[in-house]
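Student: Kindly generate the corresponding structure for this input.
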Amino acid sequence: MDRKIDGLMKQMTLEEKIGQLNLPGAGDITTGEATNSDIASKIKAGEVGGLFNIKTAEKILEVQKIAVEQSRLKIPLIFGMDVIHGYQTVFPIPLGLSCSWDMPLIEQSARIAAIEASADGICWTFSPMVDISRDPRWGRMAEGSGEDPYLGSEIAKAMVKGYQGDSLTKNNTIMACVKHFALYGAVEAGRDYNTTDMSRIRMYNEYFPPYKAAVDAGAGSVMTSFNEVDGIPASGNKWLMTDVLRKQWGFKGFVVTDFTAINEMTAHGMGDLQTVSALALKAGVDMDMVGEGFVKTLKKSLEEGKVTQEEIDRACRLVLEAKYKLGLFDEPYRYCDTQRAKTEIFTPEHRKIARETAAQSFVLLKNEKQVLPLPKKGTIALIGPLAANRENMDGTWSVAGDFKKSVSLLDGIRNVAGDKVKVIYAKGANVVADSALEARVSIFGKPTYRDNRPADVMIREAVNAARKADVVVAALGEAAEMSGESSSMSHIELPENQRELLKALLKTGKPVVMVLFNGRPMAIKWEQEHVPTILDAWFGGTEAGNAIADVLFGDVNPSGKLTATFPQNMGQVPIFYNHKNTGRPLPKGKWFTKFRSNYLDVSNAPLYPFGFGLSYTTFDYGKLKLSSASLTGNETLTVSVPVTNSGNREGKEVVQLYIRDMVGSVTRPVKELKGFQKIDLKAGETKTVTFHITPDDLKFYNYDLNYDWEPGDFEIMVGGNSRDVQTSTVNWKK
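Tutor: Have a look, this model is predicted:
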């Protein structure tokens, strides 16, 4: 690789080197017209390093030929796309996927995405998104894995492995891009693109781990975030991009900006385009997405001594190395086999796996009087604005999906129950009452099919349907694009018009199952108090409707567990399980005590805690056992607990291990996830779950940002969620 790139760079002009740093959008390139497009002349002149958001092997082959056959040095392009949770076969949104707590399943979803994307010409994905977030107002929480750094790190590794496989030289693997570096999930007020500000000790302990885990797993590229870090936008932050990413973590790949992030530093107040472009290059950014600040200004900055030739060469080399690692210099058309797309995309096998995966992601939040599972007989009233809307099932950032081929809940119930169940459908309500708001979320080809009839007429029709049925299934919640990028929400309760519909359905006296569609934790306290059964289905992807029906009828026993805390109301946000104690914590068992850290009007407790999720069976935890109450140095603590399926059907349980460092040189969280195992138990079966803890599991970044552990007492907690745990104590000496 070094010999190849050394020889190539000796031949390159300055303009050609800078051209490698340019990543424009493909625009509207149609097959057969690529050579006449505006971008073609730039590619021929060596002014383009890659393109994004162009797909199909035919189009990419045509464009790649321009680079390889008509440019002076014949340097191939790299082709990227937002393959976030599947390609044409769409899997659950990442937040939903994380609720499976199943690493092989998550890795498999990324593997299938890579197979399909690479079969359509794409060799680079802008995923995984590993931003930790504790604020559900932020729409992009849907793209991440929730609030916990340990679980987020495990998922980051699984996603990178799924995309990149064992070798990027295989034509069915694609290069991963870890995003958004860094701290993007902590934007103030939950408002997208907003300011982020936090201490470095919090960065290292709570927000950095998933990025580092992805880098350690071998991710080939990293994307900058839009927010500032320590007062300097990430795309111009040398401490972040060079000191942390490269020097501390040893990252060897290349850094690309997010969409026009260099240009946006001007609005941040960092200077004009030439100034911020030089700032980005010197910080350690290697590729400029869309903004063209590099191609327009770096030559002038070099002449004026504002950047160096060495800095331009470094960035160029890293981009060329990525292309070499992908095998593009040896086989520039390796991703352009038009036959692969016919046999490897949207296959029955991929859809089957997507269906199974979606069913594992759903979280049963409530099941009073065991309304679920439903029998495959009788009459179901299926009500709600999301009941028959297949276009919204894929969720946000499903750019390659064919929404018309996705399965709605109405179709899924009919598919699974067949002619044994009569289904009466009524929409009942629009997604929101405000037509202007609904228009803002009906984008990207995902219509909400607004009904212009009066609200009372729609509710009356739904109530009439409910009265004729044995059970009501209410498909409620958010539309797909109410979460995702630029989809922050200040109000995260169920829309009022949907709640009015729900109230009317409950008054019929019929049992009601609420199927909740959402891309974020929602404040559904009223629903928890009044609705007998709630199933959180997130957005399940291509096979959402079939997968939900599989769970509703009991063909699949739900096993998902929350990876983000649900608040009782918006006033509790941000709320997360691994918080710090205050100097005035609440007394145990109390929800209000004057002059303690609490609210006057609501308890500190979440509506649903991190790690929570019910099943159609029950699990009993036996007594927690520790191999020793006192350890020294690098000894290993063995933690074990018997878990019994005490119900009458097979089920899966996620057994979770938490640790609390009781005394530290800096304050420590009340508990931290340090391990988990998802086990399958037959009715009546008992398995002993064992965890092994070493001093590595006790390490944290101290005040001086040294990563180490400190001796003392540690609480060891095991349970089915972060709230309901057994606790034992161990003393660990150095």
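Student: Any idea how many residues pack against the nearest residue to Gly19 once chain neighbours are set aside?
Tutor: Leaving aside its sequence neighbours, Gly19 sits nearest to Glu47 (Cβ to Cβ, 6 or more residues apart in numbering; 4.0 Å). Backbone N, C-alpha and C define where each C-beta goes, glycine included. By other Cβ atoms under 10 Å, 20 other residues sit near Glu47.
Student: who touches Glu47 in this structure?
Tutor: With contact taken as Cβ atoms under 8 Å, 6 or more residues apart in numbering, Glu47 is in contact with 15-16, 18-19, 22, 295.
Student: can you do 10 Å?
Tutor: Residues near Glu47 by Cβ atoms under 10 Å, 6 or more residues apart in numbering: 15-16, 18-22, 24, 39, 41, 71, 292, 295.
Student: for Val276, helix, strand, or coil?
Tutor: At Val276 the chain is in helix, as set by DSSP: H, G, I helix; E, B strand; the rest coil.
Student: can I see the domain layout of the protein?
Tutor: Segmentation of the chain into domains, based on automatic domain parsing, reads 82-342, 352-560, 617-733.
Student: how about the ones you listed in a markdown table, adding distance to Gly611, mean pLDDT and mean neighbour count?
Tutor: A markdown table is the format used below for the domains of the chain (distance: least, Cβ to Cβ, whole Å; pLDDT from 0 to 100; neighbours: other Cβ atoms under 10 Å):
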| stretch | distance to Gly611 | mean pLDDT | mean neighbour count |
| --- | --- | --- | --- |
| domain 82-342 | 9 | 98 | 22 |
| domain 352-560 | 10 | 97 | 21 |
| domain 617-733 | 4 | 98 | 16 |
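Student: and those domains as JSON lines, adding distance to Lys588?
Tutor: Shown next, in JSON lines, are the domains of the chain (distance: least, Cβ to Cβ, whole Å):
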{"stretch": "domain 82-342", "distance to Lys588": "24"}
{"stretch": "domain 352-560", "distance to Lys588": "23"}
{"stretch": "domain 617-733", "distance to Lys588": "12"}
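Student: Would you mind telling me which of these is nearest His579?
Tutor: Closest to His579 of those is domain 617-733 (Cβ to Cβ; 6.2 Å).
Student: What separates the first and last residues of that closest one, distance-wise?
Tutor: 41 Å (Cα to Cα, to the nearest Å).
Student: can you check stretch 425-435 too?
Tutor: In stretch 425-435, first residue to last residue: 23 Å (Cα to Cα).
Student: ditto for stretch 364-377
Tutor: Distance between the two ends of stretch 364-377: 22 Å, counting by Cα to Cα.
Student: before we move on, what about stretch 322-334?
Tutor: This stretch, stretch 322-334, spans 15 Å end to end (Cα to Cα).
Student: so what's Leu600 closest to, chain neighbours aside?
Tutor: In this structure, Leu600 finds its nearest non-sequential neighbour in Phe592, 7.2 Å apart by Cβ to Cβ, 6+ apart.
Student: tally of neighbours for that neighbour?
Tutor: Neighbour tally, Phe592, other Cβ under 10 Å: 13.
Student: That one: what's it in contact with?
Tutor: Residues counted as contacts of Phe592 (Cβ under 10 Å, 6+ apart) are 586, 598-604.
Student: got the contact list for the residue most central in space within the chain?
Tutor: With distances taken as Cα atoms, centre = their mean, Gly144 lies nearest the centre of the chain, 2.4 Å away. Counting by Cβ under 10 Å, 6+ apart, Gly144 touches 93-95, 98, 128-133, 138, 152, 155-156, 179-180, 184-185, 210, 563-564.
Student: same check, this time on Thr297
Tutor: With the criterion set at Cβ under 10 Å, 6+ apart, Thr297 makes contact with 18, 262, 272-278, 281, 306-307.
Student: from those residues, which single one is nearest Gly684?
Tutor: Nearest to Gly684 among the contacts of Thr297, counting by Cβ to Cβ, is Ile262 at 61.1 Å.
Student: Asp272 is in contact with that closest one, correct?
Tutor: No: look at Ile262 against Asp272 with Cβ atoms under 10 Å: they stay out of range, at 11.5 Å.
Student: what residues are shared contacts of these two?
Tutor: Common neighbours of Ile262 and Asp272, counting by Cβ under 10 Å, 6+ apart, are 293, 297.
Student: Can you tell me how far the residue lying closest to Arg200 once chain neighbours are set aside is from Ala219?
Tutor: Nearest non-adjacent residue to Arg200, counting by Cβ to Cβ, 6+ apart: Leu705, 6.4 Å away. Separation of Leu705 from Ala219 (Cβ to Cβ, to the nearest Å) stands at 23 Å.
Student: Please apply the same query to Glu154.
Tutor: 15 Å.
Student: got it, and Val725?
Tutor: Counting by Cβ to Cβ - Val725 and Ala219 are separated by 33 Å.
Student: Identify the residues contacting the residue nearest to Asn367 when sequence neighbours are not counted.
Tutor: Nearest residue to Asn367, sequence neighbours excluded (Cβ to Cβ, 6+ apart): Thr533, at 5.1 Å. By Cβ under 10 Å, 6+ apart, the contact list for Thr533 reads 364-372, 374, 471, 473-474, 511-515, 552, 614.
Student: swap in Ser408?
Tutor: 382, 386-393, 414, 475, 544-546, 548.
Student: what about 7 Å?
Tutor: Contacts for Ser408 (Cβ atoms under 7 Å, 6 or more residues apart in numbering) come out as 388-390, 393, 545.
Student: from the residues you listed, which ones fall inside helices?
Tutor: Counting by DSSP state H, the contacts of Ser408 place Gly545 in helices.
Student: any chance of the contacts of Ser408 in JSON lines, with distance to Leu631 too?
Tutor: Output for the contacts of Ser408, formatted as JSON lines (distance: Cβ to Cβ, whole Å):
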{"residue": "Ala388", "distance to Leu631": "58"}
{"residue": "Asn389", "distance to Leu631": "56"}
{"residue": "Arg390", "distance to Leu631": "55"}
{"residue": "Met393", "distance to Leu631": "50"}
{"residue": "Gly545", "distance to Leu631": "51"}
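Student: Quickly note the distance from the residue nearest to the centre of the chain to Phe612.
Tutor: The value you get for Gly144 to Phe612, if Cβ to Cβ is used, is 18 Å.
Student: And for Val421?
Tutor: Relative to Phe612, Val421 is positioned 30 Å away (Cβ to Cβ).
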